[in-house]
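Chemist: Need coordinates for the below:
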Amino acid sequence: NAKGQRVMLSLGYSRQQGGVQKPHWQEICYRSQGFTVSDIRRGEQTVAGRPIPVTRMLARNGSRIEPVTYWLTLGPHVVKDRWHRLGHLLAMGFQGDSVEGFLVRISSFWAATEAAYALHLEFAQALVAALPPAERQRLVGAS
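Modeler: Residues are numbered from 1 along each chain as shown. Here you go, the predicted structure:
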């Protein structure tokens, strides 16, 4: 942005929700890469006028401090935890639906975590607003 603040965006897509290619929980991913993960918070943030469940966490590896905001989608739903995800998977599977999913991860290298989380929200708003409605729904769920 004009202030020189940077964010990183990672979008992971999976056409099927089984096996190793399914979107996954970032606290596990970061730990497996040697990070210490702390201050895990689950809550909601409003993106495109829609409240969505997000997870925020602080990842550290040496001098690298990375506040992270992320969420996972499953078909038209944004899932808030493993049980919520499993419930949707089972329901959609019984209906014979093929289920796609997204991981939306926004992070930054910034020790001021609350300011970083505010920047993540600002970035998410701009990203989603720039998308056509059909694509917007894929990242923040159906209303």
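
Chemist: list the buried ones in stretch 60-80?
Modeler: Buried positions in stretch 60-80, judged by neighbour count with 16 or more other CB atoms under 10 Å: 65-75, 77-80. C-betas here are computed from N, CA, C, even on glycine.

Chemist: And stretch 107-120, by the same measure?
Modeler: Judged by neighbour count using 16+ other CB under 10 Å, the buried positions of stretch 107-120 are Ser107, Ser108, Trp110, Thr113, Ala116, Tyr117, Leu119, His120.

Chemist: just how off-centre is it within its chain?
Modeler: With CA atoms, centre = their mean, to the nearest Å as the basis, stretch 107-120 stands 15 Å off its chain's centre.

Chemist: what's the straight distance from one end of it to the other?
Modeler: Length of stretch 107-120, first residue to last, CA to CA, to the nearest Å: 7 Å.

Chemist: same question for it, mean pLDDT?
Modeler: The average pLDDT within stretch 107-120 is 94.

Chemist: Just the ones of the buried residues of stretch 107-120 in strands?
Modeler: Using DSSP state E to define strands, the subset of these located there is Ser107.

Chemist: would TSV of the buried residues of stretch 107-120 with distance to Thr46 be doable?
Modeler: TSV is the format used below for the buried residues of stretch 107-120 (distance: CB to CB, whole Å):
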residue	distance to Thr46
Ser107	20
Ser108	20
Trp110	22
Thr113	20
Ala116	18
Tyr117	13
Leu119	16
His120	13
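
Chemist: so who does the residue found closest to Ile52 once you drop the neighbours it is linked to in the chain touch?
Modeler: In this structure, Ile52 finds its nearest non-sequential neighbour in Val78, 4.5 Å apart by CB to CB, 6 or more residues apart in numbering. Each residue near Val78 by CB atoms under 8 Å, 6 or more residues apart in numbering is listed here: Ile52, Pro53, Trp71, Leu72, Val140, Gly141.
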